[in-house]
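Chemist: generate coordinates for the sequence data below:
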Amino acid sequence: MSTPTCIFYTAGNDQLHRQAVRLEADGTIDFGSVTTDPIELLEAVGAQRPDLVVADLGVDPDGVLDVLDKLPTPRPRLLVIGPQHQSGPILRAMRMGVREYFDAPPSEDDLRRAIARIGAELAPAAEPAAAHPARVVAVMGTKGGAGATVVACQLAAILRNGGARTAVVDLNLPLGDVALYFDVQPAYTLANIAGESARLDATFLRTLLQGRPNGVQILAAPSRAEEAELVRGAHVERVLELLRADFDWVILDLSRTWGEPTVRALDLADMILLVTLMDVPTLHHTRQHIDLLERLGHTGRRIRLIANRHGSTDAVTDKDVAEFLDREPDFRIPNDHQTTLAAVNRGCSVVELAPRSGLARAYAELTRNLHDWCSVAAPAAEPESGGGVLARARGMFRRS
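Modeler: Numbering: from 1, shown residues only. This next block holds a predicted model:
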């Protein structure tokens, strides 16, 4: 691990100043300087070219972020202490590439661990990255009830039935339902990672994953709403780093609220599936989500629009959608509420429950499209009599 050179902008935070001195004394950092003056900060970064700037946003978050945005390039890594309940500074900090965001003054141990993670990033890689790391797909509903969790779980089930090592991370905080949809009662959740992040490595993470043997592996959302507050963007980043090395696909079921874990997950995803419905209120929310995604730098074909519960009787047509959103849906999932509800109630996939239904065929086609969108070769098609994905699912259903 490399020892990073750090400059501290304290905004009058004497505790942070004292922590900086102690971190230098124990060898955690190479101490550059401490300042409360924006001009001095800019000059010090230009002269010293530090690895890291630790900044307290103080009573003027936007003003300090304005200063950080002016840092000379290549910009050092940023660690920020700022307000918890102001979404504007948090989103702006994430857009600027802040690596760690503390919403309360961190303890010295928390600060040391955060700096150590950044130091590890600066060190030369000990071994080459995996030749074929997992693709990470973020599934996000644009409005409550759009069905994003169903879409995420169905995709994961079909990918696994096709032979791909597949994991689902339930980031639909504060209370996600992925484990419920797979009929799994998790012994561990993301709260365990947040509570013991210092222990988090590949071995520890494997003990937290839940799922049936040879099935989709699940990292469940915290079971208590208050525990969701413990999950931070840094936890998400580390989890995805480890899962990429162990799996072929990682599906993220995201909250439609824009907290730090959601923003970090979107930054790290290879593909974003935005799930909408064909009605005016949901499409209004969809446009807001697309606008925010674009402001966060997510543009182009990395975002795919999925029209869920699509039917011929929809009051809103594809033409209306194109005029309203400047794009048509990339995929349409037919409206089959009865089959969907039956699959959720039984804790199984649609292709297991009703493999010949139009809904099952649609999810299978969406999975094939996902391979194309992510530039991944799809599993070789098997002869009709041999079965393919749907027949394998039918076989699993008969055996159960």
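Chemist: please parse the chain into its domains.
Modeler: Using automatic domain parsing, the domain ranges for the chain come out as 5-122, 135-399.
Chemist: tell me where the stretch 1-150 of the chain has strands.
Modeler: In the stretch 1-150 of the chain, the strands defined using DSSP state E, counting those that start in this stretch lie at 5-9, 30-35, 52-56, 77-81, 100-102, 135-141.
Chemist: brain fart, the stretch 251-400 of the chain
Modeler: Applying DSSP E, counting those that start in this stretch to the stretch 251-400 of the chain gives strands spanning 271-276, 303-310, 331-334.
Chemist: now, of the ones you listed, which is deepest in the fold?
Modeler: Sort these by mean neighbour count, taking mean count of other C-beta atoms under 10 Å, and strand 271-276 sits at the top with a mean of 24. In this view, the C-beta of every residue, glycine as well, is placed from N, C-alpha and C.
Chemist: what does that one rub up against?
Modeler: Contact with strand 271-276 is made by 135-143, 146-148, 151, 266, 282-283, 285-286, 289-290, 293, 298, 302-308, 329, 370, 373-374, as judged by C-beta atoms under 8 Å, 6 or more residues apart in numbering.
Chemist: over to stretch 10-22?
Modeler: Under C-beta under 8 Å, 6+ apart, the answer for stretch 10-22 is 6, 8, 29, 31, 34-36, 54-60, 64, 81, 105, 108, 111.
Chemist: what do you get if the cut-off is 6 Å, keeping everything else the same?
Modeler: Stretch 10-22 is contacted by residues 8, 34, 36, 56, 58, 108, 111 when judged by C-beta atoms under 6 Å, 6 or more residues apart in numbering.
Chemist: what's the answer for stretch 216-224, then?
Modeler: Applying C-beta under 6 Å, 6+ apart, the external contacts of stretch 216-224 come out as 156, 160, 166-170, 176, 178-179, 184, 186, 189-191, 209-211, 228.
Chemist: rewinding a little: dump the domains of the chain into JSON lines; add mean pLDDT as well.
Modeler: Formatted as JSON lines, those follow (pLDDT from 0 to 100):
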{"stretch": "domain 5-122", "mean pLDDT": "87"}
{"stretch": "domain 135-399", "mean pLDDT": "86"}
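Chemist: show me the contacts for residue 64.
Modeler: Neighbouring residues of residue 64 by C-beta under 6 Å, 6+ apart: residue 57.
Chemist: the same query, at a cut-off of 10 Å, please.
Modeler: Applying C-beta atoms under 10 Å, 6 or more residues apart in numbering, one finds that residue 64 lies in contact with 9, 11, 38, 41, 55-58, 80-82, 89, 93.
Chemist: quick one: which two of these are the most distant?
Modeler: 41 and 89 (17.5 Å; C-beta to C-beta).
Chemist: who has more neighbours, those two?
Modeler: Neighbours per residue, other C-beta atoms under 10 Å: of residue 41 and residue 89, the larger number sits with residue 41, 23 against 19.
Chemist: contacts only, for that one.
Modeler: Counting by C-beta under 10 Å, 6+ apart, residue 41 touches 7-9, 33-35, 53, 55, 64, 67-68, 70-71.
Chemist: which pair in those spans the largest distance?
Modeler: Across the contacts of residue 41 (C-beta to C-beta), the longest gap, 19.0 Å, separates 34 and 70.
Chemist: quick revisit: for the contacts of residue 64, pick the one with the most neighbours.
Modeler: Most surrounded of the contacts of residue 64: other C-beta under 10 Å gives residue 9, at 27 neighbours.
Chemist: against residue 217, how distant is the residue nearest to it when sequence neighbours are not counted?
Modeler: Leaving aside its sequence neighbours, residue 9 sits nearest to residue 55 (C-beta to C-beta, 6 or more residues apart in numbering; 4.2 Å). Distance, residue 55 to residue 217, by C-beta to C-beta, to the nearest Å: 38 Å.
Chemist: got the contacts of residue 64 as a markdown table, with distance to residue 275 columns?
Modeler: Below are the contacts of residue 64 laid out as a markdown table (distance: C-beta to C-beta, whole Å):
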| residue | distance to residue 275 |
| --- | --- |
| 9 | 41 |
| 11 | 41 |
| 38 | 43 |
| 41 | 43 |
| 55 | 36 |
| 56 | 38 |
| 57 | 34 |
| 58 | 39 |
| 80 | 31 |
| 81 | 35 |
| 82 | 31 |
| 89 | 28 |
| 93 | 27 |
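Chemist: surely residue 261 meets residue 193?
Modeler: No - counting by C-beta atoms under 10 Å, residue 261 sits too far from residue 193 to count as a contact (11.2 Å).
Chemist: so what sits against both of these two?
Modeler: 231-232, 235-236.
Chemist: nearest to residue 312 among these?
Modeler: Nearest to residue 312 among those, counting by C-beta to C-beta, is residue 236 at 39.6 Å.
Chemist: how far away is the closest residue to residue 157 other than its chain neighbours from residue 153?
Modeler: Take residue 157 and drop its neighbours on the chain: the residue closest to it by C-beta to C-beta, 6+ apart is residue 349, 3.6 Å away. Going from residue 349 to residue 153 by C-beta to C-beta gives 7 Å.
Chemist: one more: residue 51?
Modeler: For residue 51, the distance to residue 153 - C-beta to C-beta - is 41 Å.
Chemist: those two: which is more packed in?
Modeler: Just comparing residue 51 and residue 153: by other C-beta under 10 Å the higher neighbour count belongs to residue 153, 29 against 21.
Chemist: and the residue nearest the centre of the chain, how far is that from residue 84?
Modeler: The residue lying closest to the centre of the chain (C-alpha atoms, centre = their mean) is residue 265, at 2.1 Å. According to C-beta to C-beta, residue 265 stands 19 Å off from residue 84.
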